[in-house]
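K.L.:
no sequence for this one, just the structure:
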């Protein structure tokens, strides 16, 4: 099972005591924590230009330099820590300071290394121990731990546990962000916009922190964070803090300060690379990272950097061979914050030096090299997906079977990709944009007059009252929380197509690719970044009553049963962990769904989504073109932020070990023409339906 190794640095190994702690997945850490008087470290942050100011000015760091003999003119090696010459003044270094400093250092040949035997990682023999560390805390206002650990040897069940923990934490954060933004809009409307806007990302993080819901607070993890995968994408930096990936809200270097370290040495654990420093060089697997400090508000270097705080932490991590997590941040069109952050894995700091930067001031630089054996860079995948969107055949010359299986029926093309075999099955089906209901559905449900809103629906309109007095979406079209049923504005409403209550009836907005996979057969992945709560598409098919479905299954079941989908809608927007009195929505209510959907001849992109017990897409029932609550549309929404090229999955209500898509069956199971007359005769004997209903279905199915 997994184990956590204490990584505290001890200057004297003869007296060092290293604790290896373990426990079952979901349990707490078994070993006692080191008693430390917590002091607030003073940090001089490397501010990232892409981040908005938080209104809090961090104080400079007091980290003492255990290596006062550091030579700024040479790479940092164990023998290059020398006493700085008396005449050296950092704020008055000109373009030729390197040569001058080098000559001064030659005159002073005192070279020494402080704590030459100090190590950050101590091997611990593997034993038959139980599982892993508890990466979450529920204690209110808990201080961040100063204890360094590395989580190792996670078993499959441990990985699933932590991934699910991260997934639920992210879902809560996203739900809180949407909630706070909607509440902020309400408050601003009461004051006619005079009230300042609320930073929803900060508010959501604060609420979770006050409820003790931040992860990885009990231990500060070095290396990979359990449950975080390379390629995970985040819209807000505060989410990185919530998950324990990067603990600084603005500083580019996260580190354990010297005041909290057992031997007085700061240790860097993660960095954010955003290209905000003019001297940064990003080559993907190799990064030349500029230290923090010395920039003005325009991002220009105006003073010399110092070897303290995060800079010193980076140098010490290099010295001890401690890897750092790398998160890349860059602008991204369509993002909620106009930027995204991608976790790109672990890097080793292999070199460090001090040189004159482009602005003529001294900067510290660190060469980071990506460790082998990791998945592809998430940032590279984002760029690759962008190339596919614009020039698919140039990005991937072979493998594309069709550049649009919808035949221009959707707003955007749906690609078909198969570089595994010669199976082109999706081309055999007619693409169905909207679900086909039998005529009686529209008559038995009645027709409402709809709202009379002109420019857009207001909170007191008829459609809002159908939803319990509030709309289901925010102004950006994100679903606030899942409900048993949502009433959208329909064809009898006076509001325009841009109405905020018409989100799921506008077709595809993101570009998707149906692809062939050895693991799941056919699957679906997005070429765009999808934000949690966003509408994806409708799950379409030809609706059959239960009686019709029973006859159709005699020739082989190629039906989808909506009542089998898991009620994942209840998870989206569930704020019960923050608000104890939160009540799961129960209105509008829906009777048990007693119909099936035939996808044997007509279907859309949703039919190729794979099953998962931890899906990233959920089904939300919606009505808009009729009022028969027994026959709703199956609309799909994102449960989490979905990066480009990541497979989309649904909970079809199958057992965990079932890995096939329940909706997809061999094409040989389609109903031949010779069986149609028999089916019609059987259906006509049922008193529930008129013959015209079946004829409608048969004609539209293309038999």
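P.N.:
Received the coordinates, thanks. No experiment lies behind these values; they were computed from the predicted model shown.
K.L.:
my guess is residue 225 contacts residue 325. True?
P.N.:
Yes - Residue 225 is within contact range of residue 325, at 7.3 Å (criterion: Cβ atoms under 8 Å). Every C-beta, even on glycine, is put in place using the N, C-alpha and C of the backbone.
K.L.:
overlap in contacts, those two.
P.N.:
residue 245 (Cβ atoms under 8 Å, 6 or more residues apart in numbering).
K.L.:
burial count for residue 474?
P.N.:
Here the number of neighbours of residue 474 (other Cβ atoms under 10 Å) works out to 17.
K.L.:
now it. Its backbone dihedrals?
P.N.:
Phi and psi for residue 474, reported as degrees, to the nearest 10, are phi -90, psi -180.
K.L.:
could you check how far residue 558 is from residue 401?
P.N.:
Residue 558 is 22 Å from residue 401, where distance means Cβ to Cβ, to the nearest Å.
K.L.:
more neighbours, those two?
P.N.:
Set residue 558 next to residue 401 and count neighbours by other Cβ under 10 Å: residue 558 wins out with 24 against 18.
K.L.:
burial count for the residue nearest to that one when sequence neighbours are not counted?
P.N.:
Residue nearest to residue 558 in three dimensions, not counting chain neighbours: residue 600, with 3.9 Å by Cβ to Cβ, 6 or more residues apart in numbering. For residue 600, the tally of surrounding residues (other Cβ under 10 Å) stands at 20.
K.L.:
so what's the residue count around residue 197?
P.N.:
So residue 197, with other Cβ under 10 Å, has 11 neighbours.
K.L.:
part of a helix, is it?
P.N.:
No - according to DSSP: H, G, I helix; E, B strand; the rest coil, residue 197 belongs to no helix; its state is coil.
K.L.:
quick one: low-confidence parts of this structure?
P.N.:
Flagging of the chain using pLDDT under 70 yields the residue ranges 1-142, 193, 276-279, 445-448, 554-557, 654-703.
K.L.:
so which residues of the stretch 551-700 of the chain form helices?
P.N.:
Counting by DSSP state H, counting those that start in this stretch, the stretch 551-700 of the chain has helices at residues 676-684, 691-701.
K.L.:
tell me the spacing between the residue lying closest to residue 370 once chain neighbours are set aside and residue 256.
P.N.:
Nearest residue to residue 370 in three dimensions, chain neighbours excluded: residue 285, at 4.3 Å (Cβ to Cβ, 6+ apart). From residue 285 across to residue 256, the span is 26 Å (Cβ to Cβ).
K.L.:
same deal with residue 558?
P.N.:
Distance check for residue 558 against residue 256: by Cβ to Cβ, it reads 58 Å.
K.L.:
quick one: end-to-end distance for stretch 536-550.
P.N.:
When the termini of stretch 536-550 are compared using Cα to Cα, to the nearest Å, they are 31 Å apart.
K.L.:
begin at 443 from here
P.N.:
With the count now opening at 443, the last piece we talked about shows up as stretch 978-992.
K.L.:
chain center to that stretch: distance?
P.N.:
The chain centre lies 32 Å from the centre of stretch 978-992; the measure is Cα atoms, centre = their mean, to the nearest Å.
K.L.:
and that stretch, which residues are buried?
P.N.:
978-987, 989-991 (16 or more other Cβ atoms under 10 Å).
K.L.:
kindly report the same for stretch 1017-1033.
P.N.:
1019, 1020, 1027, 1030.
K.L.:
which outside residues touch it?
P.N.:
Counting by Cβ under 8 Å, 6+ apart, residues outside stretch 1017-1033 touching it are 614, 617-618, 621, 649-650, 653, 655, 908-910, 923-929, 1012, 1016, 1063, 1071-1072, 1074.
K.L.:
please check the residues you listed and keep the buried ones.
P.N.:
Buried among those by 16+ other Cβ under 10 Å: 614, 617-618, 621, 649-650, 653, 655, 908-909, 923-929, 1016, 1063, 1071, 1074.
K.L.:
so what strands line up beside the helix or strand residue 592 falls within?
P.N.:
Per DSSP states H and E, residue 592 falls inside strand 590-594. Strand 590-594 sits in its sheet next to strand 445-448 (antiparallel), strand 662-663 (parallel), going by DSSP bridges.
K.L.:
just give the number of residues close to residue 939.
P.N.:
Counted with other Cβ under 10 Å, residue 939 comes out at 8.
K.L.:
grab the nearest non-local neighbour of residue 649.
P.N.:
Closest to residue 649 by Cβ to Cβ, 6+ apart is residue 1020, at 5.4 Å.
K.L.:
how close does the one you found sit to residue 787?
P.N.:
Taking Cβ to Cβ, one finds residue 1020 at 31 Å from residue 787.
K.L.:
cool, and residue 738?
P.N.:
32 Å.
K.L.:
neighbour count: those two, which is higher?
P.N.:
Per other Cβ under 10 Å, whichever of residue 738 and residue 787 has more neighbours is residue 787, with 23 against 10.
K.L.:
just to revisit the earlier point, residue 727 and residue 698: which is more packed in?
P.N.:
Remark: of residue 727 and residue 698, residue 698 carries more neighbours, 29 against 16, as counted by other Cβ under 10 Å.
K.L.:
for that one, which non-adjacent residue is closest in space?
P.N.:
Distances taken as Cβ to Cβ, 6+ apart place residue 709 nearest to residue 698, at 4.7 Å, with adjacent residues excluded.
K.L.:
can you report how many residues lie near the one you found?
P.N.:
Residue 709 has 27 neighbouring residues, counting by other Cβ under 10 Å.
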